[in-house]
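A.B. asks: Pasting the sequence and the predicted coordinates here, then a few questions.
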Amino acid sequence: FQLEPDEEAIVLRLGKPLPETYGPGLHTKIPLVDKVYSAPVEKQHRLEFGFRSQPDVVTKVDTSGYELESLMLTGDLMLVHVRWSVVFKIEDIHAWLFEIKDREQTIRDISMAVMRQIVGDYSLEEVLTSSQLEIATLSQNATQAALREKVPTGVSITEIAIKSSEVPDKAKKAFDDLTRTLAKVQ
């Protein structure tokens, strides 16, 4: 069997994994006895929340149909859409291949739970303006901790980036009225 430059593989012999992992290049296996499982360990994988980007078009982003992923409640009980991406790399191929069933959905679920929890600790103003980098950093650390300690996925989170945060269209009018009222009071 042959592995590409960004791949690693594990060989199962009669259903049991061999202790070594195989890197790029040509390798041998026993037909009908060995089964090869490979994964791109050198590739950066990306998951997007609240939007999907088009791989061929740099500026094209589709947010329709993904509103529920990004809709959150802030600490001051305001609604906000936070759109972010998670970039990860496979660190432990054995855990990635054999420890959990739906790997990307597991990472997606944990990242959404962590982001919602952290956004819930900040006010709407902070989420929209000054605290986005802090929220992303806290989210990255908490997501990585959950993926190492609670759910062994075998990944390393290399980046969590908040792409945008905005008040939902239906709540904008109420938000604008509140902003005007606060401006008059001050």
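C.D. replies: Cool, the structure landed. Just so it is clear, the model here is predicted, and its values are computed rather than measured.

A.B. asks: What pLDDT does the model give residue 178?
C.D. replies: According to the model's per-residue confidence, residue 178 sits at a pLDDT of 76.

A.B. asks: for it, helix, strand, or coil?
C.D. replies: Three states are possible here, and by DSSP: H, G, I helix; E, B strand; the rest coil the one that applies to residue 178 is helix.

A.B. asks: And for it, the neighbour number?
C.D. replies: Neighbour count for residue 178, taken as other C-beta atoms under 10 Å: 13. From N, CA and C alone the C-beta is placed, and that goes for glycine too.

A.B. asks: What pairs with the lowest-mean-pLDDT helix or strand in the chain, parallel or antiparallel?
C.D. replies: Among the helical and strand segments of the chain, the one scoring lowest on mean pLDDT, DSSP states H and E is strand 61-62, with a mean of 72. Strand 61-62 has the following strand partners under DSSP bridges: strand 52-53 (antiparallel).

A.B. asks: Relative to the whole chain's centre, how far out is the partner strand?
C.D. replies: Relative to its chain's centre, strand 52-53 lies at 13 Å (C-alpha atoms, centre = their mean, to the nearest Å).

A.B. asks: and the closest residue to residue 120 other than its chain neighbours, how many neighbours?
C.D. replies: Counting by C-beta to C-beta, 6 or more residues apart in numbering, residue 75 is the residue found nearest to residue 120 once chain neighbours are left out, at 5.6 Å. Other residues within reach of residue 75 by the criterion other C-beta under 10 Å amount to 14.

A.B. asks: doesn't residue 125 make contact with residue 75?
C.D. replies: No: look at residue 75 against residue 125 with C-beta atoms under 8 Å: they stay out of range, at 10.5 Å.

A.B. asks: ok, back up a step: which residues are contacting the least confident helix or strand of the chain?
C.D. replies: Outside strand 61-62, the residues within contact range by C-beta atoms under 8 Å, 6 or more residues apart in numbering are 51-54, 163.

A.B. asks: Got a PyMOL select line for the buried ones in the residues you listed?
C.D. replies: In PyMOL, this line selects whichever of the contacts of strand 61-62 come out buried by 16 or more other C-beta atoms under 10 Å:
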select buried, resi 51+163
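
A.B. asks: how distant is the helix or strand following the least confident helix or strand of the chain from the center of its chain?
C.D. replies: With elements assigned by DSSP states H and E, the helix or strand that comes after strand 61-62 is helix 67-70. Helix 67-70 sits 14 Å away from the centroid of its parent chain (C-alpha atoms, centre = their mean).

A.B. asks: Where does pLDDT dip in the chain?
C.D. replies: Applying pLDDT under 70 to the chain flags the ranges 56-60.

A.B. asks: just the helices in it please.
C.D. replies: When assigned using DSSP state H, the helices of the chain occupy the ranges 67-70, 93-98, 103-119, 124-128, 132-145, 169-185.
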